[in-house]
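Asks: Here's my sequence, what's the structure:
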Amino acid sequence: MRPTKMSSECRVYYVLYRSSEKNDLVKQTFNSVGPHLIDGLRPHVVYAYRVQAYYGLIPGAVSSTVKERTFPGERPATPYDFKLVPMIKSLKLLWKLPDGQSATVENYFIWLDDAVYFLENENKTEFILINLRPCRFYTVELVAVSAASIKSGKVTASGSPLSEKTASVPDFVVLSKPNGLLIKWIITDPQLQKISYSKILLKIGTWSRIIQTHHNVKEVLVDKLKPCHFYIVGVTTTILRGMLNKTSWKCGTPMPQVIGQPRRVKIYNLDSGKQQVISWRQPAKLPSKCHIYYLLHRTSEGGENDIGMFTSVGPHLIDGLSPSQVYSYRVQACSDLMLGAITAVVEERTLAGATPPTPYDFKLIAANRSLKMIWKLPEEKTSTVHRYLFWLDGVVYSMENQNKMDFDLVDLERCHSYIVELAAVSTASVISEKVAASGIPLSDAPCDYTQKTEVDNDEMLRIPTYST
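Replies: Numbering: from 1, shown residues only. Take a look at the predicted model:
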């Protein structure tokens, strides 16, 4: 308080003398009677105070000594939610303090690799440790310290700095195995993509199974699954000891334990001599969910090999064969996932080929510089004819069977008598008997058959054109 019996008009200031138990004297000047905050003291220490008033340069009397011991100090708040965020060659420390407790913290201590680092409290709850080794596993401890040097509880976090190369969670593939699925990770950088944890979920309908791993894995075989069933596979992969993770979904189908041989392979010949029909039964003990296809291996007497693919057990028409030749067959059942066992060889000789029907009622109808060929075939015998051959002026022409029994020869020589021969040919290249007809194309002018005309050899060899 202000000195007694002193006029209120007198302006005075005060000198505060403070000393601790160690007799370190400190002077502070004040312009009022207070109260004044004395900061920077040590906890649990006795401090002695004396006050002296000054009027200008005239000192007043000094008060008697007053002593008081400081409190031990309040325990600082313990940080929580402490974690390390990986960065390139560094780790970012993040933590939280209880609301309104930041003022109780004067500074922080950080332990890293047996070294202690000091950090002032600047009302920030983050800090970056730099120049660390990439992909090395670090454990960091953090403690808050009060102004009275009282330490909070210690919190711990772990992490691995990133390399300059970007770390990424590896992808995986689902491979089919007998009665199982193999989940295999595609790891391109073993250092950055080391798997620390994985969780595999398999689902089919309402059924599910979970497999977890907690070590450095590269592949996991999930067995005892139903073959040929469609499974949904979800994989959660974690790398860098929990710093990066990713969940992806794929699907897979286990293959059967084994695919047996097709059964009861049978071969039938057709009259054409160029066709055979083959059939078989599916392998025994094949799971009903398995969709398979068949490979038909065919070998001829001449050593020619051919492989055909079929999606059913037949019967199947094998076309384009040669008449009167032995063909060997083997059948193999396959799925999209594996090859099955192959059957023993089954052989069969094609027929020589039936003789096609002989055309009849063959005749030539004359038109202007052309002749129209007309013929007939026995009923229901048209399908046995593959093509026709006809002979005109010593030249043989071939004509496909288009289910028509007429044909036009055009651009013929007028007044010239033509003889045409016709034969049917089967698919086995068997030729029917020939039939013949003759005719003379019509002309704009009457023909003089009594006058002899000299014709050179080139003109005699001229080949007439024809159209359908």
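
Asks: okay, CA-based contacts and neighbour counts for the rest of this
Replies: Will do.

Asks: Find the residue at the geometric middle of this protein.
Replies: Closest to where the C-alpha atoms of the chain average out (CA atoms, centre = their mean) is residue 173, at 7.2 Å.

Asks: correct me, but it touches residue 218?
Replies: No. With contacts counted by CA atoms under 8 Å, residue 173 stays clear of residue 218, the gap being 11.2 Å.

Asks: where do the contact lists of the two overlap?
Replies: Residues touching both residue 173 and residue 218 (CA atoms under 8 Å, 6 or more residues apart in numbering) are 184, 185.

Asks: Quick check: nearest residue in space to the residue nearest to the centre of the chain, chain neighbours excluded?
Replies: Counting by CA to CA, 6 or more residues apart in numbering, residue 184 is the residue found nearest to residue 173 once chain neighbours are left out, at 5.4 Å.

Asks: Mind listing what's buried along the helix or strand harbouring the one you found?
Replies: Using DSSP states H and E, residue 184 sits in strand 180-186. Going by neighbour count (16 or more other CA atoms under 10 Å), the buried part of strand 180-186 is 180, 181, 182, 183, 184, 185.

Asks: tally of neighbours for residue 445?
Replies: By other CA atoms under 10 Å, 8 other residues sit near residue 445.

Asks: Helices of this protein, residue ranges please.
Replies: With DSSP state H applied, the chain shows helices at 457-460, listed in chain order.

Asks: and it, what are its domains?
Replies: If you go by automatic domain parsing, the domain ranges for the chain are 13-69, 80-159, 171-252, 264-349, 360-466.

Asks: Can you get me the start-to-end distance on the second one?
Replies: Across domain 80-159, the terminal residues are separated by 17 Å (CA to CA, to the nearest Å).

Asks: Show me where the stretch 151-300 of the chain dips below the pLDDT cut-off.
Replies: For the stretch 151-300 of the chain, the stretches flagged by pLDDT under 70 are 164-166, 240-243.

Asks: And the strands in it?
Replies: According to DSSP state E, counting those that start in this stretch, the stretch 151-300 of the chain carries its strands in the segments 155-159, 171-177, 180-186, 195-204, 207-213, 219-222, 231-239, 244-252, 263-269, 276-281, 293-300.

Asks: okay, the ones you listed in a markdown table with distance to residue 382 next?
Replies: Formatted as a markdown table, the strands of the stretch 151-300 of the chain follow (distance: least, CA to CA, whole Å):
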| stretch | distance to residue 382 |
| --- | --- |
| strand 155-159 | 86 |
| strand 171-177 | 53 |
| strand 180-186 | 57 |
| strand 195-204 | 57 |
| strand 207-213 | 61 |
| strand 219-222 | 62 |
| strand 231-239 | 55 |
| strand 244-252 | 53 |
| strand 263-269 | 20 |
| strand 276-281 | 20 |
| strand 293-300 | 30 |
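
Asks: picking that back up, distance check, the residue nearest to the centre of the chain against residue 194.
Replies: In this structure, residue 173 and residue 194 are 17 Å apart, going by CA to CA.

Asks: Also residue 210?
Replies: Relative to residue 194, and taking CA to CA, residue 210 is found at 21 Å.
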